[in-house]
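In: build the 3D model from these lines:
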Amino acid sequence: MPPHPLEVPVAKPGDVLIQFEHVQKRFGPKVIYSDLSLDIRRGEVMTIMGPSGVGKSVTIKHILGLLRPDSGEVWVGGKNMSLIHGRELAEHRKIFGMHRDAKSVGRVQTHFVALDET
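Out: Have a look, this model is predicted:
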C-alpha cells in the first residue's frame with residue numbers, strides 16, 4: 001500500500017507537521033494576520049481562542065487549503081499549501097475533520113482534528 005500523500009517520512013513525536021511562516025492575510029481593509037509564524041508539532045494539542053473575527057477559522061481554512069495567504073507560507077505535512085491543487089488538495093483534506101458546536105450559549109466552538117493514520 002503506498003504511503004498517505006501527506007505522510008511525513010519517518011515522522012517522530014515532536015516533528016513539525018503544520019507550520020505558518022510569516023503569513024499575512026487580509027480581507028479588504030481588515031487585517032487578519034500581519035506576520036503569523038507558528039509551529040504545530042506531532043502529538044501537540046493546540047487551542048486557538050478569541051472573539052469573533054480574529055482569525056480562528058481563517059487559520060483552519062489555511063491548513064485545509066481553502067484559503068491562501070496573501071504572503072508567507074503555510075506548510076502541512078511537508079507540503080507548501082500554496083503549491084498543491086486538484087486531486088492532491090482533495091486527498092489532503094481527507095485527513096482532517098472539523099465540527100462546529102453551537103450548543104454553548106453565546107459562542108460557537110469549532111473542533112478540528114488531524115487524523116493520525118499511522
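
In: gap between the residue most central in space within the chain and Arg42?
Out: Ranked by distance to the mean C-alpha position of the chain (C-alpha atoms, centre = their mean), the top residue is Ile63 at 2.3 Å. Ile63 sits at a distance of 14 Å from Arg42 (criterion: C-beta to C-beta, to the nearest Å). In short, each C-beta sits where N, CA and C put it, glycine included.

In: then Gly65?
Out: Using C-beta to C-beta, we find Gly65 at a distance of 20 Å from Arg42.

In: cool, Trp75 as well?
Out: 13 Å.

In: tell me which element the residue nearest to the centre of the chain falls in.
Out: Element membership of Ile63 [criterion: DSSP states H and E] is helix 56-64.

In: check which element follows that helix along the chain.
Out: Where DSSP H and E defines the elements, the next helix or strand beyond helix 56-64 is strand 71-76.

In: who touches stretch 32-44?
Out: Contacts made with stretch 32-44 from outside it, assessed by C-beta atoms under 8 Å, 6 or more residues apart in numbering, are listed as 8, 11-26, 46, 54-55, 58, 69, 72.

In: tell me which of these fall in helices.
Out: In helices, defined here by DSSP state H, the members of the contacts of stretch 32-44 are Val58.

In: just the buried subset of the contacts of stretch 32-44, please.
Out: Of all the contacts of stretch 32-44 considered here, the ones buried according to neighbour count by 16 or more other C-beta atoms under 10 Å are 8, 11, 16-21, 23, 25, 55, 58, 69, 72.

In: for beta bridges, what are the partners of the closest residue to Met46 other than its chain neighbours?
Out: Nearest non-adjacent residue to Met46, counting by C-beta to C-beta, 6 or more residues apart in numbering: Ile40, 5.6 Å away. With DSSP bridges applied, the residues forming beta bridges to Ile40 are Ile18.
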